[in-house]
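J.: Make a model of this:
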Amino acid sequence: MTEVADRRSGASFRPAPAGTATSASAGGRIPTSPPAVDVAALGEQMLGKWADVRRQARELAARPELHKTEGLTHTEHRRRTFGQLRYLVDHGAVHRAFPAALGGSDDHGANIAGFEELVTADPSLQIKAGVQWGLFGSAVLHLGTEEHHQRWLPGIMNLDIPGCFAMTETGHGSDVASIATTATYDAGTQEFVINTPFRAAWKDYIGNAAIDGLGAVVFAQLVTRGVNHGVHAFYMDLRDPVTKEFLPGIGGEDDGIKGGLNGIDNGRLHFSNVRIPRTNLLNRYGDVDAEGNYSSPIASPGRRFFTMLGTLVQGRVSLDGAAVAASKLALKTAITYAMERRQFNASSPTEEEVLLDYQRHQRRLFTRLATTYAAAFAHEQLLQKLDDVFSGAHDTDEDRQDLETLAAALKPLSTWHALDTLQESREACGGAGFLIENRFASLRADLDVYVTFEGDNTVLLQLVAKRLLADYAKEFRSVNFGVLARYVVNQAAGTAVHRTGLRGVAQFVADTGLPQKAAIALRDEESQRALLTDRVQSMVAEAGTALRGASKLPQKEAAAIFNRHQNELIDAAQAHAELLQWEAFTDALTHCTDAGTRTVLTWLRDLFGLSLIEKNLSWYLMNGRLSMQRARTVGGYINRLLVKLRPHALDLVDAFGYGPDHLRAAIATGAEKVRQDEAREFYRAQRASGSAPVDEKSVLVRKARSS
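T.: Residues are numbered from 1 along each chain as shown. A predicted model of the protein is given here:
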């Protein structure tokens, strides 16, 4: 078969037959032109609903004024990042989510879409902007009332009031309900008295707390008339705006240098009998009148707590999107480099191989490319869900719960994936990848904390698992004994089919023992959906059955039962999140109008789905969901998909839409191709001149033959 040259790198590969389409005719199957990716159309699809906003944000993020300057001290980096916030204000990049009456545009989806693109400029800028407007400002907006909006939002929006979101404490991070800071109402003065009663109650890791914050939204236990009404939010002035010194009763410390994100001045805050007016309570969901009487539109303390925290879900949503963007940057750089970098004379005595022609290199990068596409499409659905809720288009209690669960499911997967992709891409670029100029190490350090803030990933997946269990329990809440008995019988029958190998026998018979038929069955969309869905349903059902009745036991016993099954529950939640990503990818295929692009994206979707199945192959085998015959074909079919995708690798990363000013990686500029071409030309000229030294191995071979 004739080799074809790659259109940009000069690399050679053999894309047919796996990547060649065919058509039937009277004379047999005749090769047709292979599919091609419409990069512009795919790029537009990936920009999503808020394409124009993303383009504006990317144009801003490409400006040198917003770029991270490597090598700065943390003090210098902090100063630069704060100045960049002012640049965002001056260029109208921060007002989208705020009320139109105050100069905003009430566009919550557009706001997140724009902010998450800032990660390409500097993750510190993205997070510091998120602290100021996505947390501090949003807390006032969503937890406060019109009076609060008028008092504080203008200053927050124009950066006259740099602020903090003071929720996390040294002793409590994920368990927000147990924070120890108190806000006790004094009816005599109509003030709340804020205290951090012991060291573990100090607010910690708080952005803007060490230097820049003049104000804060402080979360504390609201106590009035001797009753603790749970966690509420309070607006508090922290520093004198002229001297920048802490106000009386307030103190703090600098968290110092961190593993990343050193453009943000994280710090600690503590309060000793700090008095604030009663009206500083952000009272949309809970209020205290002058006499100290508490009232709330939400009667249930638990539901009230989750409603208040749910209004701040956009932080998780933006982290999900930023993590996807970082993965795109990494893969664009790594795949560009792999198309140009050559190593080892594998198939030619004179020409070295392009890295991306090696199967293992394709495995390293293409599987992560497939996951990045899945995560990107899932994020677009999450962003639409957020906009529906915050715009009021679909804002029922169920909608808000769905949004919270979806964000809690997707943020862990995308942030873990970003770290994994940055690391693998770094290694795939060898020593060059370790240089700061190519950004892998810097981005990975900055994104490291994404997996633990705005909700620790493992804790978030536990929240998802509890929602899955609740939904599972609803199905049986009102059923009679006969229905439940039939379910138990069916479960037992299912176990017999799966675990005795009967299903495997059926699959083998259906495939007639042929690997080709087994592979066809696995690449079928409905087969993938069935396998991924069945795993989630089975894991949830198994956990639900084990935990059935635990809620009626004493607290200690119930907790012990839950703890025994915690690992399986979190695994089930992750499987559920992966299924959501697969479904989002599959849904995106229906919106792809170009036939060639849809074909290539289908291969990429299949690679994602089969990679999930391969990762969990032991479960499918142990639980009888796959025959040994079909299980053996998974890896082989993945390898075939890699060959199909190889000619389209650059198109797929080009569709991300990031240019040189976003990548800012020396090895993604074409410099490596120039070096490789220079080296190849040198050796070609040397061979042609006859002056090339003879290889010692050749001399030894000739001697051996002549003796």
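
J.: from here on, contacts and neighbour counts on C-alpha atoms
T.: OK.

J.: The helix or strand in which Arg529 is found - contacts with which helices or strands?
T.: Using DSSP states H and E, Arg529 maps to helix 525-547. Here helix 525-547 touches helix 457-474, helix 566-590, helix 595-615, going by 3 or more CA pairs under 8 Å, 6 or more residues apart in numbering; DSSP states H and E.

J.: quick one: Lys68 is in a helix?
T.: No: counting by DSSP: H, G, I helix; E, B strand; the rest coil, Lys68 is not part of a helix but coil.

J.: for it, what are its contacts?
T.: By CA atoms under 8 Å, 6 or more residues apart in numbering, the contact set of Lys68 is 121-122.

J.: can you start the count at 50 instead of 1 from here on
T.: Happy to do that; since the first residue is 50 now, the last one works out to Lys117.

J.: can you give me the angle the helix or strand harbouring Arg679 makes with helix 644-664?
T.: Assigned by DSSP H and E, Arg679 belongs to helix 677-694. Helix 677-694 and helix 644-664 meet at an angle of 140 degrees, taking axes from the mean of the first three to the mean of the last three CA atoms, to 10 degrees as the criterion.

J.: What is helix 677-694 packed up against?
T.: Using 3+ CA pairs under 8 Å, 6+ apart, the elements in contact with helix 677-694 are helix 408-440, helix 551-560, helix 564-572, helix 644-664, helix 666-671.

J.: which other helices and strands contact the next helix or strand after that helix?
T.: Where DSSP H and E defines the elements, the next helix or strand beyond helix 677-694 is helix 698-703. In terms of contacts (3+ CA pairs under 8 Å, 6+ apart), helix 698-703 is packed against helix 88-96, helix 363-387.

J.: Run through the protein and note the low-pLDDT ranges.
T.: Across the chain, the ranges flagged by pLDDT under 70 are 50-81, 524-569.

J.: The residue most central in space within it and Gln604: what is the separation?
T.: In the chain, the residue lying closest to the centroid (CA atoms, centre = their mean) is Ser463, at 2.3 Å. For Ser463, the distance to Gln604 equals 34 Å [CA to CA, to the nearest Å].

J.: buried ones in the helix holding Arg679?
T.: Within helix 677-694, the residues scored as buried using 16 or more other CA atoms under 10 Å are 677-684, 686-694.

J.: and the angle for it with helix 408-440?
T.: 90 degrees.

J.: how about the CA coordinates for helix 677-694, as CSV?
T.: The C-alpha trace of helix 677-694 is given here as CSV (Å, rounded to 0.1, in the frame of the first residue of the first chain):
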residue,chain,number,x,y,z
MET,A,677,-14.4,-13.8,27.3
GLN,A,678,-14.5,-13.7,23.5
ARG,A,679,-15.9,-10.1,23.5
ALA,A,680,-13.6,-9.0,26.3
ARG,A,681,-10.6,-10.1,24.2
THR,A,682,-11.7,-7.9,21.3
VAL,A,683,-11.9,-4.6,23.3
GLY,A,684,-8.2,-3.8,23.2
GLY,A,685,-7.8,-4.9,19.6
TYR,A,686,-10.7,-2.7,18.4
ILE,A,687,-9.3,0.2,20.4
ASN,A,688,-6.1,-0.2,18.5
ARG,A,689,-8.0,-0.2,15.2
LEU,A,690,-9.7,3.1,16.2
LEU,A,691,-6.3,4.6,16.9
VAL,A,692,-5.2,3.9,13.3
LYS,A,693,-8.4,5.4,12.0
LEU,A,694,-8.0,8.5,14.1
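
J.: With only the CA atoms kept, save stretch 287-299 in CSV.
T.: This file holds the C-alpha atoms of stretch 287-299, laid out as CSV (Å, rounded to 0.1, in the frame of the first residue of the first chain):
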residue,chain,number,x,y,z
LEU,A,287,-12.4,43.7,56.8
ARG,A,288,-9.9,46.5,56.3
ASP,A,289,-9.7,50.3,56.4
PRO,A,290,-9.8,51.2,52.7
VAL,A,291,-7.1,53.8,53.1
THR,A,292,-4.6,52.2,55.4
LYS,A,293,-5.5,48.6,54.4
GLU,A,294,-5.1,47.6,58.1
PHE,A,295,-7.5,45.1,59.6
LEU,A,296,-10.5,46.7,61.5
PRO,A,297,-10.8,46.2,65.3
GLY,A,298,-11.4,42.6,66.3
ILE,A,299,-10.3,41.2,63.0
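
J.: May I see the buried residues of that stretch?
T.: 287-288, 290, 295, 299.

J.: Helix, strand, or coil at Val280?
T.: Per three-state DSSP, Val280 ends up strand.

J.: Then the one 4 residues further on?
T.: With three-state DSSP as the basis, Tyr284 sits in strand.

J.: check contacts around it.
T.: Contacts of Tyr284 were listed using CA under 8 Å, 6+ apart, and they are 189, 264-267, 329-331.

J.: can you pull up the bridge partners for it?
T.: With DSSP bridges as the criterion, Tyr284 is bridged to Val266.

J.: With adjacent residues omitted, what lies nearest to Ala704?
T.: Leaving aside its sequence neighbours, Ala704 sits nearest to Gly92 (CA to CA, 6 or more residues apart in numbering; 4.3 Å).

J.: Could you pull up the residues touching that neighbour?
T.: By CA under 8 Å, 6+ apart, the neighbours of Gly92 are 703-706.

J.: Turn the helices and strands packed on helix 574-596 into TSV, including mean neighbour count and distance to Lys434.
T.: Formatted as TSV, the helices and strands packed on helix 574-596 follow (neighbours: other CA atoms under 10 Å; distance: least, CA to CA, whole Å):
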stretch	mean neighbour count	distance to Lys434
helix 506-523	19	16
helix 615-639	21	13
helix 644-664	21	23
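
J.: Could you export these as CSV, including distance to Phe320?
T.: Below are these laid out as CSV (distance: least, CA to CA, whole Å):
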stretch, distance to Phe320
helix 506-523, 28
helix 615-639, 37
helix 644-664, 49
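
J.: want to throw the helices and strands packed on helix 698-703 into TSV with distance to Phe214?
T.: Shown next, in TSV, are those (distance: least, CA to CA, whole Å):
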stretch	distance to Phe214
helix 88-96	30
helix 363-387	12
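
J.: Nearest to Gly645, out of the ones you listed?
T.: Across the helices and strands packed on helix 698-703, Gly645 has its closest neighbour in helix 88-96 (10.7 Å, CA to CA).

J.: and after that closest one, which helix or strand comes next?
T.: According to DSSP H and E, the helix or strand after helix 88-96 is helix 100-110.

J.: Let me know the secondary structure of Gly305.
T.: Applying three-state DSSP to Gly305 yields a three-state assignment of coil.

J.: still on that earlier bit, which is the succeeding secondary structure element to the helix holding Arg578?
T.: Counting by DSSP H and E, the next helix or strand C-terminal to helix 574-596 is helix 604-613.

J.: Name the residues of that following helix that come out as buried.
T.: Phe611.
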